Structure formats: C-alpha cells, structure tokens
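Visitor: Turn this into a model:
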Amino acid sequence: MYSVIRFFLFLLPPETAHHLSLSGLSLLNRLWLLPLFKPKFVKDPVNVMGLEFANRIGLAAGLDKNGEYIQPLSNLGFGFIEIGTVTPRPQAGNPAPRLFRLPEANAIINRMGFNNKGIDYLTDRVAEARQRGFKGLIGINIGKNFDTAVEDANQDYLTCLRVAYPYADYITVNISSPNTPGLRTLQYGEELDSLLASLKSEQLKLAAQHEVYKPIAIKVAPDLSPGEIIGIARSLLKNNMDAVIATNTTLSRDAVRQFRYGNEKGGLSGEPVRELSTNVIKQFHRVLGNQIPIIGVGGIFSAKDAQDKLDAGAQLVQIYTGLVYKGPELVCSCVKQLG
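Guide: I've put the predicted structure just below:
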C-alpha cells in the first residue's frame, strides 16, 4: 500500500509532500483509522542512558520539528521519538526550494535551516501530548538561532535546555547541521569543551531543581577525521555527557553528483550516508567503549542496516529518510529482526 501512496506523494514538491503526509497521518490517528495502516507495534525494552526504551528503533529529529505529530508518529511503532531541531526564537529557515529528492540514490538533500516555531511552542505541544495520555519517550533536539553569533551559541543552547528540561525525557544538542553557518565549528577543541562544560553545569542544576536527571546526547557529523573523532570522544568523556548520536547529514556528494539535484547545497541523507555513519560509530566505539552509549542514525533502509549499526557499537538507532522511501513497515521489520 505504501508504494502506491509514495508514488503520488513523489509527484508533489518534497516540502508539500512532507506536510501533506504528516497532516494525513494526524487525520488517520484522530479518526482511529491508523491501526488499519500501521504495522503492529513491537515491544522489546532496552535500558539506555538510564531510560527504558520500548524498542531500539527511534524517529530521528527533523521530521516533526515542532512536536505537532508526536502521537501519530509514535503509533507507527517507534520505541522513541525525537522532535526538533528547535531554537530559542522562531525562525523561517532558508528560502525555498530547500528540500530535494534523489530517488536514484534513495537519498534526500535538505538545507532547511532549522525552520521552527520556537522552543516555547514545541514544549506546549509536548505538554498537550502528555495531557492526552502519551507515555512514550520524547527527545528534544536543540540548536542555535541563525542570527546568533557562534561565539554566543552557548547561551542559545542553555536557553533551550532550561525550557526543554521539564518536558523532555532526554535532550539532544545539535552541533552538526551543515545548514547553519559556523555551527559545525562547535564540534572541535575549546569551543566544544566550553559548550559541554556549560551544558553539564546547567544540567546538574536543573536535575536538582526538578528532582530528576535528564540525559544529554550530542549529535555529530559524519564528515569527521579519525583525529577529530578522538578529540570529540575525549571531550564527551571529560564532560560526562550521556550519549552521542552518530550521525547527522553529510556534505559529501561523491555518491550523488551525477544525479539531478546531486550538487544542491545542504545535508545529504539516505543510503549514501550509510557507510559513513557506520564507520563513525565504529571509531567512536573504539574510544568510548561502553562508557558512553551511541545512538546510530544514517541510511537505515532495512533490518540489516539497523543491525550493522548495533554491531558497530550503537545501542539504539534512528530512522528518517528510510521512512520516507520505505514506509512504516520498515520500523516494524527492524524491531522484529534486531538481535
């Protein structure tokens, strides 16, 4: 059934199809028709970061930027949902067109630019979902505003952390999107240490204030050298971070430059990033061992792809582009077959 739905969605501009898909999913959920279309939910609990996840398969950030579709997306079978990236203030993001399909490569290029309605709007949506009885795990992915200077980025992340803390089960710090100028410089050296130290200090204050500890995960890029991975890993250990998410989208075009839209600016996701992200997971695992859990994301289109991430050292995985191309059955098949 999904192949038929995808055929018609792919006739539309990608961003139009994105919004139409989410609206349709929400409508099916409200009409209690979603069980007719979704795979059976599979529960396979696992404890990571001190949290119990219903299963190892999560939704990656970016699909639901404002937390408006938490329940219907969770009903597709995910063990956890990550929403955002969200910034302190609302922002429109980059001008359209900013989202491109590359079906020959099972890939997407986006340069959305953290378009979102702001942290207050998102946390209001989380509160509403909880009031309606949603009990699943929610991660909130936070970033800096486009017009905030990189040297002032810490304050944007701290603002989002403070607002998100009472609502999130865990918080992801996005320092790896290629679509906000200068953002990836926060992955290195003194800038990274300064950010992580500030986040850890504030996390401990908030834990005491709210009498509950909420983990922080750091999301990194796939375009890292072995030396950069070692440096990041050491900083994560030094600052007692709770997890690393590997990886975000890539700037590489080696696998897609021959296709239409293959040279568009932005982050490339889907099958071309699969091996890049898995290799980054392996390298982080060599340095981190079991001291800090890894959440693997990038190019998961089958249960084998998900298992490869786990075999490389990840404890959880996340899906986004694979869901666009393969549909909800991908979630269920991954959960059922993971070892």
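Visitor: what's next to stretch 252-263, contact-wise?
Guide: By C-beta atoms under 8 Å, 6 or more residues apart in numbering, the list of residues contacting stretch 252-263 from outside reads Phe100, Arg101, Leu102, Glu104, Ala105, Ala107, Ile109, Pro222, Asp223, Leu268, Pro272, Leu276. (Each C-beta comes from the backbone N, C-alpha and C, glycine too.)
Visitor: How far off centre is the lengthiest helix in the chain?
Guide: As assigned by DSSP state H, the longest helix anywhere in the chain is helix 189-210. With C-alpha atoms, centre = their mean, to the nearest Å as the basis, helix 189-210 stands 21 Å off its chain's centre.
Visitor: name the helices or strands packed onto that helix?
Guide: Applying 3 or more C-beta pairs under 8 Å, 6 or more residues apart in numbering; DSSP states H and E, one finds that helix 189-210 contacts helix 153-164, strand 216-220, helix 226-238.
Visitor: most neighbours per residue, which of these?
Guide: Per residue and on average, the most neighbours among those fall to strand 216-220, with a mean of 26 (mean count of other C-beta atoms under 10 Å).
Visitor: and for it, what are the contacting residues?
Guide: 49, 61, 139, 141, 161, 170-176, 187, 196, 199-200, 203, 232, 236, 241-248, 280, 295.
Visitor: Mind checking which of the residues you listed are in helices?
Guide: Per DSSP H, the contacts of strand 216-220 map to helices at Leu161, Leu196, Leu199, Lys200, Gln203, Ile232, Leu236, Val280.
Visitor: which residue packs closest to the fourth one, ignoring adjacent ones?
Guide: So that's Lys200. Excluding its sequence neighbours, the residue lying closest to Lys200 (C-beta to C-beta, 6 or more residues apart in numbering) is Asn239, at 5.0 Å.
Visitor: Contacts only, for the one you found.
Guide: So Asn239 contacts Asp193, Leu196, Ala197, Leu199, Lys200 (C-beta under 8 Å, 6+ apart).
Visitor: ranking those by neighbours, who comes first?
Guide: Among the contacts of Asn239, the one with the most neighbours (other C-beta atoms under 10 Å) is Leu196, at 24 neighbours.
Visitor: what's the residue lying closest to Thr247 once chain neighbours are set aside in contact with, if anything?
Guide: Nearest residue to Thr247 in three dimensions, chain neighbours excluded: Pro222, at 3.9 Å (C-beta to C-beta, 6+ apart). Neighbouring residues of Pro222 by C-beta under 8 Å, 6+ apart: Ala246, Thr247, Asn248, Thr249, Thr250, Ser252, Val273, Leu276, Ser277, Val280, Gly298.
Visitor: before we move on, back to that, quick one: which of the ones in helices among the contacts of strand 216-220 is nearest to Ser3?
Guide: Proximity to Ser3 was ranked across the ones in helices among the contacts of strand 216-220 by C-beta to C-beta; first place goes to Val280, at 31.5 Å.
Visitor: what's the burial count for the closest one?
Guide: 27.
Visitor: again, but for Glu128
Guide: 14.
Visitor: Please read off the pLDDT at it from the model.
Guide: pLDDT for Glu128: 98.
Visitor: and it, what element?
Guide: Assessed by DSSP states H and E, Glu128 sits inside helix 119-131.
Visitor: Contact partners for Asp223?
Guide: Thr250, Leu251, Ser252, Leu276.
Visitor: swap in Gly84?
Guide: By C-beta under 8 Å, 6+ apart, the residues touching Gly84 are Ala61, Gly62, Lys65, Gly67, Asn116, Leu122, Ile140, Asn141, Ile142, Gly143, Thr172, Asn174.
Visitor: quick one: the residue nearest to Thr247 and Ser201, what's the gap?
Guide: Separation of Pro222 from Ser201 (C-beta to C-beta, to the nearest Å): 29 Å.
Visitor: what does Asp223 give?
Guide: 29 Å.
Visitor: all strands for the chain, in order.
Guide: With strands called from DSSP state E, the chain shows them at 46-48, 51-53, 57-59, 80-86, 99-102, 107-110, 137-142, 170-174, 216-220, 243-246, 267-270, 294-297, 316-319.
Visitor: Output these as a markdown table; include the columns distance to His18.
Guide: Shown next, in a markdown table, are these (distance: least, C-beta to C-beta, whole Å):
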| stretch | distance to His18 |
| --- | --- |
| strand 46-48 | 29 |
| strand 51-53 | 26 |
| strand 57-59 | 14 |
| strand 80-86 | 15 |
| strand 99-102 | 7 |
| strand 107-110 | 10 |
| strand 137-142 | 17 |
| strand 170-174 | 19 |
| strand 216-220 | 21 |
| strand 243-246 | 22 |
| strand 267-270 | 13 |
| strand 294-297 | 18 |
| strand 316-319 | 15 |
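Visitor: want to throw the ones you listed into a markdown table with distance to Cys334 and mean pLDDT?
Guide: Below are the strands of the chain laid out as a markdown table (distance: least, C-beta to C-beta, whole Å; pLDDT from 0 to 100):
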| stretch | distance to Cys334 | mean pLDDT |
| --- | --- | --- |
| strand 46-48 | 13 | 97 |
| strand 51-53 | 13 | 97 |
| strand 57-59 | 5 | 97 |
| strand 80-86 | 13 | 98 |
| strand 99-102 | 22 | 98 |
| strand 107-110 | 19 | 98 |
| strand 137-142 | 17 | 98 |
| strand 170-174 | 20 | 98 |
| strand 216-220 | 20 | 98 |
| strand 243-246 | 17 | 98 |
| strand 267-270 | 16 | 98 |
| strand 294-297 | 12 | 98 |
| strand 316-319 | 7 | 98 |
